[in-house]
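Visitor: any chance you can model this:
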Amino acid sequence: MFDQQKLQNTREEDLQVVAASPQTGAQTQSQGPQSVPPVADLQTAQETQAATAKQSEGAPLEEKPLESFDVLVEQMAHGMAYNLDLTERDHKFLEVNGYRAAGIFRGKREFVMRYFEPIQAGKPPVVAFRGTVPTKIPTLIADLDPGSIGGYQFGANINEIKGVMERAAGHGPAVVTGHSLGGALAQLAASTFPDLVGSIITFQAPGVDRSVVEQLEKYNEENPDKAISSRHHRVAGDLVPLGGQALTPGSVHNHEMEGGNPLSKHLAYPLAQEHEAAGNGQLNYHSSEVITSTGDISTEVVNAEKTQIVEWIRKGIGVPVYVGMEVGNAVIEGGKKIIGFMTNAGRFIGRIFGGGDQDQEQDQEQTGN
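Guide: Residues are numbered from 1 along each chain as shown. Predicted structure coming up:
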């Protein structure tokens, strides 16, 4: 699906934050679903989450590692992947659980990924992809990609993604993860670079194009000893997981929230809430709703029963958006060519009738100017 002949290895001692726009330095804390509600509502939800996260800073930090790996990964994928600057509490939490935040990469089209390096033997490396940030237009465009959700960002940063994942794979097959759009990017990464991946874990994420899923299924069939499994966590009532044609093979872990709306269900931390409800300590990133696990189901069943209505609507919006972008780019490129042609023609005419640039250059050389 993506051109791999142009891939280059990126081997840096530390990842760098790459400016993709004048807003690169801005810290992002939250995100929105595929079907974007009014910005005011999102800002309210973001402010509520930020206030809740701030409250957790004063709570005692668990000094023992989490028993559930998925709870840990949710903190990485849904919390830390969105924050360019982690707190001391974040770093301490990672250290207790055998990791360090090795670096964050920000690429083209507002793409962001963060690599978590294991500092304890037996821990797999984790590569987390940031999801949708509604104030970042390229992330919304990535949601609408008619080819596959996330392809707009993935294709533009494929070399860098491969480089980061190769670095991570130096510690063993990587766990690729993400929340929302980030989960779609994780599925694309696993399908494109299966030899570097051990498993996929997503949170409230949409599916991807069926061809991406079939590519990974084929890899699993040909490499049963290295088959890549997926664990997809979702909250009932969240609209985002309805997007995409299918999920990568594995299992879907269902959760249910008491009350709330589709936006709050999309932004929730189901595993963190269930962890705290079980009498464990408060985690850095969490929400206040009551959430319970309602059982697991295979992706084979989910994909077979998955409605495609939301995907048809998404592509119905995405196709004209992308056609418009292509037309706009063509107009811009055509304008550049016309301006370049007229500039060169003007210079040529100037040389014929007035001696032009060559005579001026000769005069400057002779006068020393």
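Visitor: could you break the protein into its assigned domains?
Guide: Using automatic domain parsing, the domain parsing of the chain gives 39-306, 322-367.
Visitor: could those go into JSON lines alongside distance to I313 and mean pLDDT?
Guide: (Glycine included, C-beta is placed from N, CA and C.) Output for those, formatted as JSON lines (distance: least, Cβ to Cβ, whole Å; pLDDT from 0 to 100):
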{"stretch": "domain 39-306", "distance to I313": "9", "mean pLDDT": "92"}
{"stretch": "domain 322-367", "distance to I313": "15", "mean pLDDT": "61"}
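Visitor: mean neighbour count, the ones you listed: which tops it?
Guide: domain 39-306 (a mean of 20; mean count of other Cβ atoms under 10 Å).
Visitor: distance between that domain and the chain's centre?
Guide: 8 Å (Cα atoms, centre = their mean, to the nearest Å).
Visitor: next one: Q308 from D209, what distance?
Guide: 12 Å (Cβ to Cβ, to the nearest Å).
Visitor: find the residues that touch each one of those two.
Guide: Counting by Cβ atoms under 8 Å, 6 or more residues apart in numbering, the residues touching both Q308 and D209 are Q245.
Visitor: out of the domains of the chain, nearest to G316?
Guide: Comparison of these against G316 by Cβ to Cβ identifies domain 39-306 as nearest, at 9.3 Å.
Visitor: a helix runs through P138, doesn't it?
Guide: Yes. Counting by DSSP: H, G, I helix; E, B strand; the rest coil, P138 is part of a helix.
Visitor: so it touches Q153, yeah?
Guide: Yes. Counting by Cβ atoms under 8 Å, P138 touches Q153, with 6.9 Å between them.
Visitor: list residues touching both of those two?
Guide: Shared contacts of P138 and Q153, defined by Cβ under 8 Å, 6+ apart, comprise R109, E110, F111.
Visitor: going by distance to P262, which of these wins?
Guide: After measuring the shared contacts of P138 and Q153 against P262 - Cβ to Cβ - the closest member comes out as E110, at 23.3 Å.
Visitor: distance of that closest one relative to K226?
Guide: E110 is 33 Å from K226, by Cβ to Cβ.
Visitor: which stretches in the protein count as strands?
Guide: 99-106, 112-118, 126-129, 174-179, 197-203, 229-235, 250-257, 291-298 (DSSP state E).
Visitor: phi and psi next, for the residue nearest to Y322 when sequence neighbours are not counted.
Guide: Closest residue to Y322 apart from its sequence neighbours, by Cβ to Cβ, 6 or more residues apart in numbering: P146 at 5.8 Å. Note on P146: backbone dihedrals following degrees, to the nearest 10 are phi -70, psi -20.
Visitor: P146 reaches V319, doesn't it?
Guide: Yes. Here P146 reaches V319: they are 5.1 Å apart, a contact under Cβ under 8 Å.
Visitor: excluding sequence neighbours, find me the nearest residue to I200.
Guide: S230 (4.1 Å).
Visitor: hmm, Y152 is touching D145, no?
Guide: Yes. Look at Y152 against D145 with Cβ under 8 Å: they come within range, at 4.5 Å.
Visitor: what comes into contact with stretch 215-230?
Guide: Applying Cβ under 8 Å, 6+ apart, the set of residues contacting stretch 215-230 from outside is 1, 173, 187, 190-191, 194-195, 197-202, 247-251, 299.
Visitor: and it, end to end?
Guide: 14 Å (Cα to Cα, to the nearest Å).
Visitor: ok, back up a step: quick check: the residue nearest to Y322 vs E217, distance?
Guide: Distance from P146 to E217, by Cβ to Cβ: 22 Å.
Visitor: ditto for T202
Guide: 17 Å.
Visitor: per-residue pLDDT, Q29?
Guide: Q29 is assigned a predicted lDDT (pLDDT) of 35.
Visitor: now the helices for the protein?
Guide: 39-56, 69-74, 88-96, 137-143, 151-156, 158-169, 181-192, 210-222, 262-267, 270-277, 299-305, 309-354, 356-367 (DSSP state H).
Visitor: for the fourth one, packing partners?
Guide: Same thing as helix 137-143. helix 151-156, helix 181-192, helix 309-354 (3 or more Cβ pairs under 8 Å, 6 or more residues apart in numbering; DSSP states H and E).
Visitor: who is the residue nearest to I200 paired with across the strands?
Guide: I200, G250 (DSSP bridges).
Visitor: check contacts around E63.
Guide: E63 touches V96, counting by Cβ under 8 Å, 6+ apart.
Visitor: distance-wise, check it relative to P124.
Guide: Distance from E63 to P124, counting by Cβ to Cβ: 23 Å.
Visitor: equivalent analysis for V212, please.
Guide: As judged by Cβ to Cβ, V212 and P124 stand 22 Å apart.
Visitor: with Y269 instead?
Guide: Taking Cβ to Cβ, one finds Y269 at 21 Å from P124.
Visitor: check what pLDDT N9 gets.
Guide: 35.
Visitor: do the same with the one 4 residues further on
Guide: The per-residue pLDDT reported for E13 equals 36.
Visitor: now swap in I317 and tell me
Guide: 89.
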